[in-house]
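Novice: Need coordinates for the below:
(chains A and B)
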Amino acid sequence: MRIFRAIFAHTSGRIGGTIVLLYLFIAALGALGLTPHDPLMQYRVDRLMAPNATYWMGTDLFGRDLASRLMTGIGQSFTVAFFSVAVATLAGTALGLTAAWFGRLWDGAVMRSMDVLLAFPAILLAMLIVAVFGAGTWNSIAAIGIVYTPIFTRVVRGPALSLKTREFVDAARTFGSSGRYILTRHLLLNLVAPLTVQVTLALAWALLTEAGLSFLGLGTQPPAPSLGLMLSDSRNLMETAPWLMIFPGLTIMASILGFNLLGDALRDILDPKTRRSRA
Amino acid sequence: MNPLLSVSGLRVGFGRNPEANEVVRGVSFDLAAGETLAIVGESGSGKSVTALSINRLVDFGGGRILGGSIKLRRAEDSVLDLTTATERQLTRIRGAEIGMIFQEPMTSLNPVLTIGTQIEESFRLHRGLTGRRATAAARDALERVRIPDAARRLNYYPNQLSGGMLQRVMIATALACSPRLLIADEPTTALDVTVQAQIMALLAELKQETGMSMIFITHDIGLVAGIADKVVVMQNGQAVEQGELSQILDHPQHPYTQHLLHAVPHFASGRSTRSDGPRGNMEPAAAALKVQDLMVRFPVTGGFFGRATGAVHAVEGVDFDLMPGETLAIVGESGSGKSTTARAILGLVRSRGSFTIGVRQADAGQSARPVQMVFQNPYSSLNPRLTVESLLAEPVIATGGRVNAQTRAKMVALLDRVSLPENSLERYPHEFSGGQRQRLCIARALMLNPSVVVLDEAVSALDVSVQAKVLELLVDLQRDYGLAYLFISHDMAVVERIAHRIAVIYAGQIVEIGDAKSVLSAPQHPYTKRLIAAVPSIDRRHEHYELDTRQVPSLVRPLGFEPGRAEWTQFGPDHRARAET
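Specialist: Below is the predicted model:
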């Protein structure tokens, strides 16, 4: 609750927090089926209608209500983005920290395998993983998680290497502190700032990668909606029905803005240097 | 006579609201041609900002000149106010008329260009020299700053030269266009004492040769004694006192100047050493720490498979013992192995040899870690993300203890003992000043009831007045708890205040060891003599220091190299020096 209050006391945290809460609320409504229309129902007569009183954001090629599809799509996209970034953050941080700490062979092995992963374009690698394990929400979460792990590994390893040589780590060794204590208290705690920045960026990328996977038929399976899928479906109708592109596009943009602002706020709040001066 | 530079009512502010963040608040001084002005003050006094305003480099650091004037008399005898000069005029003045050298020679040079290229650049820009003529000019410049073998060194990269050599290169670059004014911003602070003495001697000689004026910025009032004609003492952005050198040093008027002169460690050649050492006045007690034949070697690897081709003999056969309640100072220059010795004793580097750690009789077996360390940099030895409470709790947790009411009471008592406010426990390190942080580090080291505390340059990063207070605290704590200190330092004047015994270390080996008074007043080993002669001192300001360009020998030895046994000569009951072969 304290962190909640701190976020809303922070200027950009207030905006970011509101946006993210709003999205969560809409996603919840979508998940409970509280949408204006059935997101999958095809109103054949009302195909490609511009936004109006009945269909607030218009309808698509099959006569489905765009607003209802967006509401359910947000839930789907956020699930994929959140969980895949969580996988990438956990795996990447663990690998990066241990690589920096143990060095030598382990460092070499970890970093070279990350280089191999990085050598493939993100979407190609994700496709490969999904092709092997099959399509579906959880498999695309795993795939996107694995694709973004190397970035987190690198983001963590660099600063961890330099933190490792700082005098407070030497001091900890002279008391006989355990490796686990040093890793969590002295290294991880000081990595919060770069990690928050990376997480907010990765959330945005994950949304787009999910869109790419869905577009290729490997992510969210039609007719279920996802933000990325809706955006890529709208491509051919850009001129005749621009609302099909504008609304999902705005939704993605606003969510990324929300994540970024929230990330900025978290970084400030978690840093003791900026915490006091704002309070 | 018209002054070369006339600064009046200078005010400089920083940030978005410079009026509210004034760093320099109305400084005025005149500088005649050929004179040296020293600006002395502690960190944050505005001394550097004043100097940087003169060549307007302060603009690039986010500073704004709010008022006053800086009038420079130019070569053709016109007067230019630098506060209103355009950037184009300034570019022509910087380097050509006002040269500057900075504190860190290592970072002031571009690491991917040879030093020759970097000196030539100055000639190319300001004198229009190119090709062979520029090279010749660069070689002459290096010779002028007494760099031996100048022609060959032009092709060296900065990493191939020592700090002292690099500072000479910086001076050569600054002097390339014979500026009429040289600004030196703490040019020797990052250097060893003997190197510092050489640079100071060089600057004095060059000033004689060229007749240029100089502004010398320093925190060390002892250092200006040998070089300055006039002194400005700054505090909180204001010049609290200014005048002729002898007047400031011998008859200081302002309390701050008096305080500064008092606080600066005075080196008195062993006359003011401590006499409360535990040796001699009772029967020999068990040593708190006994180090025998300590050796640290770092392998040097080469070739594709990283085979060991030799070793750096960083510490070689060091032995000493340390009594409870005694301070042994280990003095030496950077790279001499003094810090490595400390780290080896703490187990932070792998070493050979043995050390026996005695346990205090009073609380035998109480401390799980009887040797603790306080590090040099108070800003990096405390994790910025932890509260003071967590920081002090760490040693307790590390040794398997619990944080309970008793531990907390101990924290409060220790904080009180090192004179930190009561409410410190919930605060974070950045809320404390450098001196307070060092007190925190001391408190943290005492959490485990150590019998030996290793102080690795523990007061070197602090301002002089803070330094004096921390030293006092250390002496008090030593008396109260019977602590043995291993005090590692390069600063002879500080060592004189705190040490009972001194070990001089050179190239990884102890060359002289003995009671502080004998070592400082009657040094026997040539290196100790050189070290002591180099200490800047107000009392000895008229003595001349010989230029000496010798470098520390390389410590890289081939595989299987074993040094010969040391021959020692005894000079007193507790004073011996290594015999040089």
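
Novice: Find the nearest non-adjacent residue to residue B:468, please.
Specialist: residue B:263 (4.8 Å; Cβ to Cβ, 6 or more residues apart in numbering or on different chains). For glycine as for every other residue, the C-beta is placed from the backbone atoms N, C-alpha and C.

Novice: what's the answer for residue B:45, then?
Specialist: Take residue B:45 and drop its neighbours on the chain: the residue closest to it by Cβ to Cβ, 6+ apart is residue B:234, 4.4 Å away.

Novice: quick revisit: okay, the residue nearest to residue B:468 and residue B:460: tell me how far apart.
Specialist: Separation of residue B:263 from residue B:460 (Cβ to Cβ, to the nearest Å) stands at 15 Å.

Novice: Which other helices and strands does the helix or strand where the residue nearest to residue B:45 lies contact?
Specialist: Using DSSP states H and E, residue B:234 sits within strand B:230-235. Under the contact definition 3 or more Cβ pairs under 8 Å, 6 or more residues apart in numbering or on different chains; DSSP states H and E, strand B:230-235 sits against strand B:22-31, strand B:36-40, helix B:221-224, strand B:238-244, helix B:245-250, helix B:255-263.

Novice: wait, what's in contact with residue A:103?
Specialist: Applying Cβ atoms under 8 Å, 6 or more residues apart in numbering or on different chains, we find residue A:103 in contact with no residue.

Novice: How about residue B:54?
Specialist: Residue B:54 neighbours (Cβ under 8 Å, 6+ apart): B:5, B:7, B:70, B:72, B:82, B:98, B:181, B:183, B:215.

Novice: Tell me the pLDDT of it.
Specialist: pLDDT for residue B:54: 89.

Novice: for residue B:27, same thing?
Specialist: Listed pLDDT for residue B:27 reads 90.

Novice: Can you get me a residue count around it?
Specialist: Residue B:27 has 24 neighbouring residues, counting by other Cβ atoms under 10 Å in any protein chain shown.

Novice: Tell me how far it lies from residue B:236.
Specialist: Applying Cβ to Cβ to residue B:27 and residue B:236 gives a distance of 11 Å.

Novice: What helices and strands are in contact with the helix or strand harbouring residue B:164?
Specialist: Using DSSP H and E, residue B:164 maps to helix B:163-175. Applying 3+ Cβ pairs under 8 Å, 6+ apart, we find helix B:163-175 packed against strand B:98-101, helix B:105-108, helix B:115-127, helix B:131-144, helix B:193-210.

Novice: Could you look over those and pick the most buried one?
Specialist: Comparing the helices and strands packed on helix B:163-175 by mean neighbour count (mean count of other Cβ atoms under 10 Å in any protein chain shown), strand B:98-101 comes out on top with a mean of 24.

Novice: If you count contacts, what does it end up packed against?
Specialist: Partner elements for strand B:98-101 (3+ Cβ pairs under 8 Å, 6+ apart): helix B:163-175, strand B:181-185.

Novice: cutoff 10 Å now
Specialist: Packing partners of strand B:98-101 (3 or more Cβ pairs under 10 Å, 6 or more residues apart in numbering or on different chains; DSSP states H and E): helix B:47-54, helix B:163-175, strand B:181-185, strand B:213-218.

Novice: tilt between the helix holding residue B:164 and helix B:193-210?
Specialist: 20 degrees (axes from the mean of the first three to the mean of the last three Cα atoms, to 10 degrees).

Novice: Report the contact partners of the nearest residue to residue B:116 once chain neighbours are set aside.
Specialist: Excluding its sequence neighbours, the residue lying closest to residue B:116 (Cβ to Cβ, 6+ apart) is residue B:154, at 3.1 Å. Contact analysis of residue B:154 by Cβ atoms under 10 Å, 6 or more residues apart in numbering or on different chains lists B:114-120, B:135, B:138-139, B:141-142, B:147, B:169.

Novice: Also residue B:256?
Specialist: Counting by Cβ under 10 Å, 6+ apart, residue B:256 touches B:41-42, B:45, B:233-236, B:238, B:240-241, B:465.

Novice: just the buried members of these?
Specialist: With burial judged by 16 or more other Cβ atoms under 10 Å in any protein chain shown, the buried subset of the contacts of residue B:256 is B:41-42, B:45, B:233-235, B:238, B:240-241.

Novice: Present those residues as TSV; the columns should include pLDDT.
Specialist: Output for those, formatted as TSV (pLDDT from 0 to 100):
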residue	pLDDT
B:41	87
B:42	84
B:45	86
B:233	92
B:234	91
B:235	90
B:238	89
B:240	91
B:241	91
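
Novice: if we can go back for a sec, just send the helices and strands packed on strand B:230-235 back as JSON lines, with distance to residue B:385 too.
Specialist: Below are the helices and strands packed on strand B:230-235 laid out as JSON lines (distance: least, Cβ to Cβ, whole Å):
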{"stretch": "strand B:22-31", "distance to residue B:385": "29"}
{"stretch": "strand B:36-40", "distance to residue B:385": "37"}
{"stretch": "helix B:221-224", "distance to residue B:385": "38"}
{"stretch": "strand B:238-244", "distance to residue B:385": "37"}
{"stretch": "helix B:245-250", "distance to residue B:385": "45"}
{"stretch": "helix B:255-263", "distance to residue B:385": "34"}
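
Novice: Where among those is average confidence lowest?
Specialist: Here these differ in mean pLDDT, and the lowest is helix B:221-224 at a mean of 81.

Novice: I'd like the distance from that helix to the chain centre, please.
Specialist: Distance of helix B:221-224 from the chain centroid (Cα atoms, centre = their mean, to the nearest Å) equals 13 Å.

Novice: what's the answer for stretch B:327-337, then?
Specialist: With Cα atoms, centre = their mean, you get 13 Å for stretch B:327-337.

Novice: May I see the buried residues of that stretch?
Specialist: Buried, per 16+ other Cβ under 10 Å, within stretch B:327-337: B:327-333, B:335-337.

Novice: Just put these in JSON lines and tack on secondary structure, distance to chain A and pLDDT.
Specialist: Below are the buried residues of stretch B:327-337 laid out as JSON lines (DSSP: H, G, I helix; E, B strand; the rest coil; distance: Cβ to the nearest Cβ, whole Å; pLDDT from 0 to 100):
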{"residue": "B:327", "secondary structure": "strand", "distance to chain A": "19", "pLDDT": "93"}
{"residue": "B:328", "secondary structure": "strand", "distance to chain A": "19", "pLDDT": "94"}
{"residue": "B:329", "secondary structure": "strand", "distance to chain A": "20", "pLDDT": "93"}
{"residue": "B:330", "secondary structure": "strand", "distance to chain A": "17", "pLDDT": "93"}
{"residue": "B:331", "secondary structure": "strand", "distance to chain A": "21", "pLDDT": "91"}
{"residue": "B:332", "secondary structure": "coil", "distance to chain A": "20", "pLDDT": "86"}
{"residue": "B:333", "secondary structure": "coil", "distance to chain A": "21", "pLDDT": "82"}
{"residue": "B:335", "secondary structure": "coil", "distance to chain A": "18", "pLDDT": "76"}
{"residue": "B:336", "secondary structure": "coil", "distance to chain A": "20", "pLDDT": "82"}
{"residue": "B:337", "secondary structure": "coil", "distance to chain A": "17", "pLDDT": "84"}
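
Novice: Relative to residue B:479, which of those residues is nearest.
Specialist: residue B:327 (11.3 Å; Cβ to Cβ).
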